[in-house]
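1. heads up, no residue letters with this:
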């Protein structure tokens, strides 16, 4: 089973997506989009940028936990990971995004 993008409506009516690995774990979460079209464009941006190592920015949260963001070619953040317990776990998360995103299907759960 390949990864998939789950497109959902947030409680405020905006849209967001999660990229899930084949095991069902969320490996990347988008920002909020005011329009569904924007979220779908975000999915396409993740698919295009996921294989490119230079698009990943590794960060550390205030509590010391590592995480990463995926950026588009214009520098805009198109997704953020969860917080990880270690740097090797974060690197595994990046590899999972690289592997799953390009061919992931879209599971539209918005009902719109």
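-> Sure, I can see it. Quantities reported herein were computed from a predicted structural model and do not represent experimental measurements. Residues are numbered from 1 along each chain as shown.
2. what segments of the protein are helices?
-> Assigned by DSSP state H, the chain shows helices spanning 36-49, 87-100.
3. what's the closest of these to residue 71?
-> Nearest of the helices of the chain to residue 71, taken as CB to CB: helix 36-49 at 7.1 Å. In this view, the C-beta of every residue, glycine as well, is placed from N, C-alpha and C.
4. mind listing what's buried in the closest one?
-> 39-40, 42-43, 45-47, 49 (16 or more other CB atoms under 10 Å).
5. in a markdown table, list these along with distance to residue 83 and pLDDT.
-> Converted to a markdown table, those look like this (distance: CB to CB, whole Å; pLDDT from 0 to 100):
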| residue | distance to residue 83 | pLDDT |
| --- | --- | --- |
| 39 | 23 | 96 |
| 40 | 27 | 97 |
| 42 | 21 | 96 |
| 43 | 23 | 97 |
| 45 | 23 | 97 |
| 46 | 19 | 97 |
| 47 | 24 | 97 |
| 49 | 21 | 97 |
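6. looking at the residues you listed, which is nearest residue 26?
-> Nearest member of the buried residues of helix 36-49 to residue 26, counting by CB to CB, is residue 46, at 13.0 Å.
7. surely that closest one meets residue 78?
-> Yes - counting by CB atoms under 8 Å, residue 46 touches residue 78, with 5.4 Å between them.
8. mind listing the shared neighbours of those two?
-> 30, 70 (CB atoms under 8 Å, 6 or more residues apart in numbering).
9. about what we covered before: same list, the buried residues of helix 36-49, but as TSV with distance to residue 89 please.
-> Converted to TSV, those look like this (distance: CB to CB, whole Å):
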residue	distance to residue 89
39	27
40	30
42	25
43	25
45	25
46	20
47	24
49	22
